[in-house]
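Engineer: kindly generate the corresponding structure for this input.
(3 chains)
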Amino acid sequence: MRRSAEFGLVMRKGRRAGRESLGVILMAPGTPGTDPPRVGFVVSKAVGGAVVRKRVQRRLRHLMRDRIASLQPGSLLVVRAKPAAARLGYETLAEHLDGALAAARRPRSGAPRRRKGRGGDHQADR
RNA sequence: GGAGUCGGCCAGGCGGUCGCGGCGCCGUCAGGGCGUCGAGGAAAGUCCGGACUCCACAGGGCAGGGUGGUCGGUAACACCGACCCGGGGCGACCCGCGGGACAGUGCCACAGAGAGCAGACCGCCACCGUUCGCGGUGGUAAGGGUGAAACGGUGGUGUAAGAGACCACCAGCGGCCGGAGUGAUCCGGCCGGCUCGGUAAACCCCACCCGGAGCAAGGUCGAGAAGGAGGGCUCCGGCCCUCCGCGCGGACGAUCGAGGGCGGCCCGCCCGAGGUCCGCGGGUUGACCGCACCGAGGUCGCCGGCAACGGCGGCCCCAGAUGGAUGGCCGCCCGGCCCCUUCCGAGGGGCCGACAGAAUCCGGCUUAUCGGCCGACUCCCCCU
RNA sequence: GCCCUCGUAGCCCAAUGGUAGAGGCAGGCCCCCUAAAAGGGUCACAAGUGUCGGUUCGAGUCCGACCGGGGGCA
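Structural biologist: This next block holds a predicted model:
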């Protein structure tokens, strides 16, 4: 993803899930689209200096390369790095990403926790 | 062998595998293939100086900012080099915002008698008085005390006690002369009055320099409602004609002139109307150029110069995006530290390998930085 | 990327270069009240001025260099 408007759309409407080192916001299409899925990354200044930020972003991009095929066509995903991601190794980062992705995809079909979500959107604002 | 000073350089290496961006060629409906290039000494902070772009450039005056030993270097600089002066170090060498305090103004708290042209608390000395404890008047500034700073230092003459009051030497100030140097300045000699504080990173004076903004500059196209479309002429700067469009609120205004320009202000000059200014609202968050660049360019050699640097010649073309490429993972080697084993040769294991990533481009400065290499030099000890 | 600003008690903020520092809110203690709030009284016990240098006899103030906030420009 390379447009600010797309990032804004996902941040508003997407489904959120997080781990210690990162958070993901996934927006699956209402009807399965034909476009390939797209991913964007957000690494803020709180994570570290320019060198640290870029290393985190590059690792995340390489991790997503192997996982992008598992996303539904037409879906948009934002991966947001937290400060803890700077200290983590490649393997742990991969675990966190897989966990967060699974959590973001689960709720609609899985057992609803705590609140009965009528529209999944409310959960994004938690 | 030990301790140290200065300068320069490097920024782990090799391989495997999966990838990314630019350009060129091939090629496709599309995807793509091949070749080639792809971070730093600080790319950083944005502190200076330029290039470049736009705006403004009749003239005069006043402000404002910057620089500050001298001579060079440079496109320019607040940078660099050499030298001078002052300070530090045994030394190699290092440090210095290093013009002017007789152009003027201001300030110098507290303490202290007195703080900038003066001054007398304790003292010292003379005279007078005395209840013999001391008090008064005058002289004095050597000694004590205060302070960051107290109006030269040492020795002598002198005196009631003293004092540049006088003398010698020294320090400092001013003037003149001679010599060396482009110059800052240095060396030497003579004379003078006898001493004349500090602060200009206080105002200021002197000399020199400086128009404003910044690539989010600026331009083209598209879109749009705040401007545009079409046509003609042109000395290429623009000019003329036709047509369509121009939200809301407020203020001022037609020659006795609203307002605008001369990017700080004033004078002065120019422009100037059925408009000008201010505020609010609305639109634009698209694409392309600028911009990936033959340049104050890099590199090698020779020459000039103490050097900074310059000249000539050969060779090279050297990152470039716009959610922003230059990478992820693995193995071996290299360097350092720690632990275990040891037949003292070594073997095994673990950890660490800095600071940090281009965004218009250059020249500097400053700041961050694990470790290593090279060269020149100084001091001390030992051996020959 | 470029430009502009600001750092003083827990918070908001004063301080001609002069003993290092004024207020307000908050806070401590006391009174009032059965108790609390409000109110009244009282205290400075709360800072060494973002950090490091320099100028000066003396720096929060003047001059550098860093550090950290905030804002603007398509």
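
Engineer: now A:Gln72. Nearest residue, chain neighbours left out?
Structural biologist: A:Ala28 (5.4 Å; CB to CB, 6 or more residues apart in numbering). Where C-beta positions appear, they are placed from N, C-alpha and C, glycine not excepted.

Engineer: got the contact list for the one you found?
Structural biologist: A:15, A:72, A:74-75, A:105 (CB atoms under 8 Å, 6 or more residues apart in numbering).

Engineer: name the nearest of those residues relative to A:Pro36.
Structural biologist: Closest to A:Pro36 out of the contacts of A:Ala28 is A:Gly74 (8.1 Å), distances taken as CB to CB.

Engineer: let me know whether the lengthiest helix in chain A sits next to RNA strand B.
Structural biologist: With secondary structure taken from DSSP state H, chain A has its longest helix at helix A:50-67. Yes - contact between helix A:50-67 and RNA strand B, assessed by CB under 7 Å from any atom of the strand, occurs at A:50-51, A:54-55, A:57-59, A:62, A:65.

Engineer: circling back to that earlier point, mind giving me the PyMOL select for the contacts of A:Ala28, buried ones only?
Structural biologist: To isolate the buried ones among the contacts of A:Ala28 in PyMOL, judged by 16 or more other CB atoms under 10 Å, type:
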select buried, chain A and resi 15+74+75+105
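
Engineer: just the contacts of A:Ala28: which are in strands?
Structural biologist: Among these, DSSP state E puts A:Arg15 in strands.

Engineer: look up how far RNA strand B lies from A:Lys7.
Structural biologist: For residue A:7 the amino acid is Phe, not Lys. 4 Å (CB to the nearest atom of the strand, to the nearest Å).

Engineer: and what of A:Ala17?
Structural biologist: 18 Å.

Engineer: check A:Ser44 too.
Structural biologist: A:Ser44 is 9 Å from RNA strand B, where distance means CB to the nearest atom of the strand.

Engineer: contacting residues around that residue?
Structural biologist: A:80-81.
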